[in-house]
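Colleague: Only the shape, not the letters, is given here:
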Ligand code: FAD
């Protein structure tokens, strides 16, 4: 039985918050993006928030959690949007927000504490040696590097560097286990797969080393097209231009840019689809040459041509992209939701065209171009004009039937949101690093229900959540 009161007493000297309103607030992430998760997880809350300020304190908290059998859910900034950071069994929220130091900066790498905010890491590395993180989510200004590695997948920079799953995009991670005497392990190489994108189910990352890229002067360019598929074709061709250095390449179907990007509304007509680009200043004229060759493209906005006041009044281009597109939509129309799909290379355009023709304005397109296994192709984060859970499932099936895998953002488990099978490496490490199963309970089906049948087309429900169905 968890002994929360005993745990609290044992943590004297470490910052603890047990005001229920604040604990509830720190028990939530962006799960409400999904109407399904909103229904399932709205009530979820922990018992207390503990904020260690050093790795030694993390070790002490984990040893006491083990002794008092209290579940531990790690929290960076809580910007995950599948309920990853929500404590399904209550217990302790381990906030790493105070572990935010930026350490050694080398030629092409930086070491940072897990709770460091990504834009703050870049401020330090750019000032030091004009280097920056290769990859960041569009939540760059609020999310932590540890949360990105444990809960994210890629984002801005993925057009050049691929995703976090690609070898070389994380150099090392320091991880604390949840045992009677917690161990501190330095993971590199293949071992990184144990904790990367494991939602903190098998260890607490306290520090990471990640690669850096040269920090160029990035220019935001927004292009308009009368037809979504013309915008997609242009972006597909631009992504294949090896000499044009990009950091972001996304496409968003009309009327989303006009209806949801309120501060950009004056630049775009309602019937225009938008290509969102971040290009290195030295490659801007090459980009404009490519634009000039396509009579269907019109330049809506260039940050290098905008005055200072104009630029200050607008969000950066990366905050129009990735899941910020959906966030801007939700602010205007809370009834929408979204999906995550892949349009596999080399058939990305045909498959996109097919599902777009079937689903039309019920599912306005949103593409993010990335390097994936060595080729440039696109992920989709399409908006869904949501009606019912049944129809959402049908829309998922339509994608899958047309060769577009879906990474379901309406599921809180690792397996159902990702590859629809358990990860044996992560499971084996959980047995070793979290023998009592106290880390983020309910997120790894392979641990909770080893005989679960992933082929049986049913939704997994963690104990305690069944009653709500
Ligand atoms: P949290 O949400 O706090 O945690 C994420 C997961 O990691 C949780 O399971 C948590 O328990 C675990 N965790 C956190 N820290 C640690 C640690 N130190 N050790 C072990 N486990 C830990 N994601 C992308 O990949 N790309 C995007 O472009 C992107 N854009 C987004 C845009 C919006 C508007 C929103 C709301 C979300 C977006 N996300 C994106 C999801 C999310 O913002 C990112 O993955 C982000 O990096 C998560 O960081 P965080 O600090 O908020 O982590």
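Modeller: Sure, I can see it. Nothing here was measured: the structure is a model prediction, and the numbers come from that model.
Colleague: and the stretch 351-469 of the chain, which residues reach the ligand?
Modeller: Residues of the stretch 351-469 of the chain lying close to the ligand by C-beta under 6 Å from any ligand atom are residue 440. Backbone N, C-alpha and C define where each C-beta goes, glycine included.
Colleague: so where is the stretch 351-469 of the chain shaky, pLDDT-wise?
Modeller: Applying pLDDT under 70 to the stretch 351-469 of the chain flags residues 419, 457, 464, 466-469.
Colleague: That one: strands as residue ranges?
Modeller: 366-372, 375-380, 383-385 (DSSP state E, counting those that start in this stretch).
Colleague: what does the stretch 151-300 of the chain give?
Modeller: So, for the stretch 151-300 of the chain - with DSSP E, counting those that start in this stretch - the strands run 172-176, 184-188, 204-214, 218-225, 246-252, 273-280, 298-302.
Colleague: what's the closest of these to residue 94?
Modeller: strand 204-214 (6.6 Å; C-beta to C-beta).
Colleague: how about the nearest residue to the spatially most central residue of the chain, chain neighbours excluded?
Modeller: Centroid-nearest residue in the chain: residue 152, 3.6 Å away (criterion: C-alpha atoms, centre = their mean). Distances taken as C-beta to C-beta, 6 or more residues apart in numbering place residue 137 nearest to residue 152, at 5.2 Å, with adjacent residues excluded.
Colleague: List the contacts of the one you found.
Modeller: Applying C-beta atoms under 8 Å, 6 or more residues apart in numbering to residue 137 gives the contacts 79, 118, 143, 148, 152, 154, 155, 156, 322, 323.
Colleague: From those, list just the buried residues.
Modeller: 79, 118, 143, 148, 152, 154, 155, 156, 322, 323 (16 or more other C-beta atoms under 10 Å).
Colleague: The closest residue to residue 101 other than its chain neighbours: neighbouring residues, count only.
Modeller: Distances taken as C-beta to C-beta, 6+ apart put residue 113 closest to residue 101, at 4.6 Å, once the chain neighbours are dropped. Per other C-beta atoms under 10 Å, the neighbour tally for residue 113 reads 23.
Colleague: Okay, residue 200 and residue 445: tell me how far apart.
Modeller: According to C-beta to C-beta, to the nearest Å, residue 200 stands 16 Å off from residue 445.
Colleague: the more surrounded of these two?
Modeller: residue 200 (27 against 20).
Colleague: Quick check: closest non-adjacent residue to that one.
Modeller: residue 74 (3.8 Å).
Colleague: show me what contacts residue 402?
Modeller: So residue 402 contacts 351, 354, 355, 358 (C-beta under 8 Å, 6+ apart).
Colleague: is it true that the third one touches residue 400?
Modeller: No: Residue 355 is not in contact with residue 400 according to C-beta atoms under 8 Å; the separation is 10.1 Å.
Colleague: who's more crowded, the two?
Modeller: residue 355 (22 against 12).
Colleague: Okay, the more buried one and the ligand: tell me how far apart.
Modeller: 22 Å (C-beta to the nearest ligand atom, to the nearest Å).
Colleague: show me the contacts for the residue in the stretch 101-250 of the chain that the ligand sits nearest to.
Modeller: Distance from the ligand to each residue of the stretch 101-250 of the chain (C-beta to the nearest ligand atom) is smallest for residue 147, at 2.1 Å. Applying C-beta under 8 Å, 6+ apart, one finds that residue 147 lies in contact with 75, 76, 77, 78, 79, 80, 85, 114.
Colleague: Pipe these into a markdown table and attach secondary structure, pLDDT and distance to the ligand per row.
Modeller: Shown next, in a markdown table, are these (DSSP: H, G, I helix; E, B strand; the rest coil; pLDDT from 0 to 100; distance: C-beta to the nearest ligand atom, whole Å):
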| residue | secondary structure | pLDDT | distance to the ligand |
| --- | --- | --- | --- |
| 75 | strand | 98 | 5 |
| 76 | coil | 98 | 2 |
| 77 | coil | 98 | 4 |
| 78 | coil | 98 | 4 |
| 79 | coil | 98 | 3 |
| 80 | coil | 96 | 3 |
| 85 | coil | 97 | 4 |
| 114 | coil | 98 | 4 |
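Colleague: In JSON lines, list those residues along with distance to residue 97.
Modeller: As requested, those are exported to JSON lines (distance: C-beta to C-beta, whole Å):
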{"residue": "75", "distance to residue 97": "8"}
{"residue": "76", "distance to residue 97": "7"}
{"residue": "77", "distance to residue 97": "7"}
{"residue": "78", "distance to residue 97": "9"}
{"residue": "79", "distance to residue 97": "12"}
{"residue": "80", "distance to residue 97": "14"}
{"residue": "85", "distance to residue 97": "12"}
{"residue": "114", "distance to residue 97": "10"}
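Colleague: Give me the buried subset of those residues.
Modeller: For the contacts of residue 147, a burial check counting by 16+ other C-beta under 10 Å picks out 75, 76, 77, 78, 79, 80, 85, 114.
Colleague: how far away is the spatially closest residue to residue 269 that is not a sequence neighbour from residue 233?
Modeller: Distances taken as C-beta to C-beta, 6+ apart place residue 258 nearest to residue 269, at 6.5 Å, with adjacent residues excluded. Per C-beta to C-beta, residue 258 is found 21 Å from residue 233.
Colleague: who touches residue 105 in this structure?
Modeller: 111, 124, 125, 128, 129, 131, 212.
Colleague: for residue 54, same thing?
Modeller: residue 99.
Colleague: Just read off the phi/psi values of it.
Modeller: As for residue 54, its main-chain torsions (degrees, to the nearest 10) stand at phi -150, psi 160.
Colleague: hey, what's residue 278 bridged with?
Modeller: Residue 278 has these beta-bridge partners by DSSP bridges: residue 220, residue 248.
Colleague: hang on, isn't it packed against residue 156?
Modeller: Yes: in this structure, residue 278 is within contact of residue 156 by C-beta under 8 Å, at 7.2 Å.
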